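J.: The sequence and its predicted three-dimensional model are supplied below.
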Amino acid sequence: MNIITVTLNPAFDMHCYTENFQPFHENLAKITACEAGGKGINISRALTVNGVDNVALAVVGEENEEAFIKSLRADKMDVRSIRWSGRIRENITLHTNNAPETRISFSGFVADDSLVEIVEKELEVLTDGDTVLTFTGRNPEGVSIDATKEMLKKLKARGVKIIIDSRSFGKDDLIDVAPWLIKPNEEEIAMYTDVPVNDFESAKKAAEALRAEGIENVMISLGSKGAMLSCIDGCYVAHAPKIKALSTIGAGDSSIGGFCAAAKLGLSYPDMLRYAVCYGSAACMTEGTRPPKRESVEKLLNEVQITSL
């Protein structure tokens, strides 16, 4: 099985730390990390670190692409890039000892639907009927949701398994594409179904409603509670292991990576959920958006139990 991640709108993720953050005042901060990222890039990095072959396809702005690609090559990722005029966007995450993380996101390059045509041609070469493809993150400014939906539907018609985790897609868009997997969190699933989701029972009800609309698998992240998967084989729950969390940024991306890794191994749906939770939890044990360490994943695989709901 091939795994391809698509990132149309990547970013540089800069992490800073300041003591005793005070809003509306000058705060001196130290840069602790600056990493090439984006949701699809995060998935690919998590897979690569854990020894799972994959290809990361990313659109990069010409103004700062060199540093971006250099960072990915340093992580030994298999990267295919598409150049576009403009700049890769930057995100700043401020960490402090007296408040939750604060995240500031800047705009990046502006594109149009011709970009999707270029991406589609590249994917025609990279994918076949034994491919899982993740389409994650927001569309760049100027790229329509209709263009990306048509591309994904064509790929699906060729037998590609589509995973979507993008806030550019509303409920109707997801139903239109009918992907193999979606991975909403509590806030997103409530937005799709207009029903509050705060425990496994309410998550099951919401997931089954979306599966009835044609979405094959729905995995809902419930933060520190764990995750739930509704699939053709039933409904399963994984309780999150007890860990010391350093950062939750990118954990959801890593969980998709874990799901893909288990699928590539030919494992069952309960084990796909187990791997997803282990990858996501292990990612929380690293600083910033760094990927889950292999030794952490292997340890957690023995701790996460799956039960039927």
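T.: Received it, and whenever you're ready, just let me know what you need.
J.: Can you show me the CA trace of stretch 203-216 as CSV?
T.: C-alpha atoms of stretch 203-216 as CSV (Å, rounded to 0.1, in the frame of the first residue of the first chain):
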residue,chain,number,x,y,z
ALA,A,203,-19.5,10.6,19.6
LYS,A,204,-20.9,7.3,18.5
LYS,A,205,-24.3,8.8,17.6
ALA,A,206,-22.7,11.6,15.7
ALA,A,207,-20.3,9.3,13.8
GLU,A,208,-23.0,6.9,12.8
ALA,A,209,-25.1,9.7,11.4
LEU,A,210,-22.2,10.7,9.1
ARG,A,211,-21.6,7.1,8.1
ALA,A,212,-25.2,6.8,7.1
GLU,A,213,-24.5,9.7,4.7
GLY,A,214,-21.8,7.7,2.9
ILE,A,215,-18.5,8.4,4.8
GLU,A,216,-16.9,5.0,5.3
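J.: Buried residues, it. List them.
T.: Residues of stretch 203-216 classed as buried by neighbour count (16 or more other Cβ atoms under 10 Å): Ala203, Lys204, Ala206, Ala207, Ala209, Leu210, Arg211, Ile215, Glu216. Quick note: C-beta positions are derived from backbone N, CA and C, even for glycine.
J.: So for it, mean pLDDT?
T.: Taken as a whole, stretch 203-216 has a mean pLDDT of 95.
J.: For it, report the contacting residues that lie outside it.
T.: For stretch 203-216, contacts defined as Cβ atoms under 8 Å, 6 or more residues apart in numbering pick out 171, 174-175, 178-182, 186, 189-190, 192-193, 195, 197, 217-218, 220, 222, 228-232, 235, 309.
J.: tell me what the longest helix that the chain contains is packed against?
T.: Using DSSP state H to define each element, the chain has its longest helix at helix 269-284. If contacts are counted by 3 or more Cβ pairs under 8 Å, 6 or more residues apart in numbering; DSSP states H and E, helix 269-284 sits against strand 217-221, strand 226-231, strand 234-239, helix 251-264, helix 294-301, strand 306-308.
J.: Strand 217-221 and the second one, what's the angle between them?
T.: Okay, so that is strand 226-231. Computed with axes from the mean of the first three to the mean of the last three Cα atoms, to 10 degrees, the direction of strand 226-231 lies at 170 degrees from that of strand 217-221.
J.: Run through the neighbouring helices and strands of strand 226-231.
T.: Helices and strands touching strand 226-231, by 3+ Cβ pairs under 8 Å, 6+ apart, are helix 200-211, strand 217-221, strand 234-239, helix 269-284.
J.: and these as a markdown table, adding distance to Lys299?
T.: Formatted as a markdown table, the helices and strands packed on strand 226-231 follow (distance: least, Cβ to Cβ, whole Å):
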| stretch | distance to Lys299 |
| --- | --- |
| helix 200-211 | 24 |
| strand 217-221 | 21 |
| strand 234-239 | 15 |
| helix 269-284 | 8 |
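J.: closest to Ile31 out of the ones you listed?
T.: Proximity to Ile31 (Cβ to Cβ) singles out helix 269-284 among those, at 20.9 Å.
J.: Thanks a lot, see you next time.
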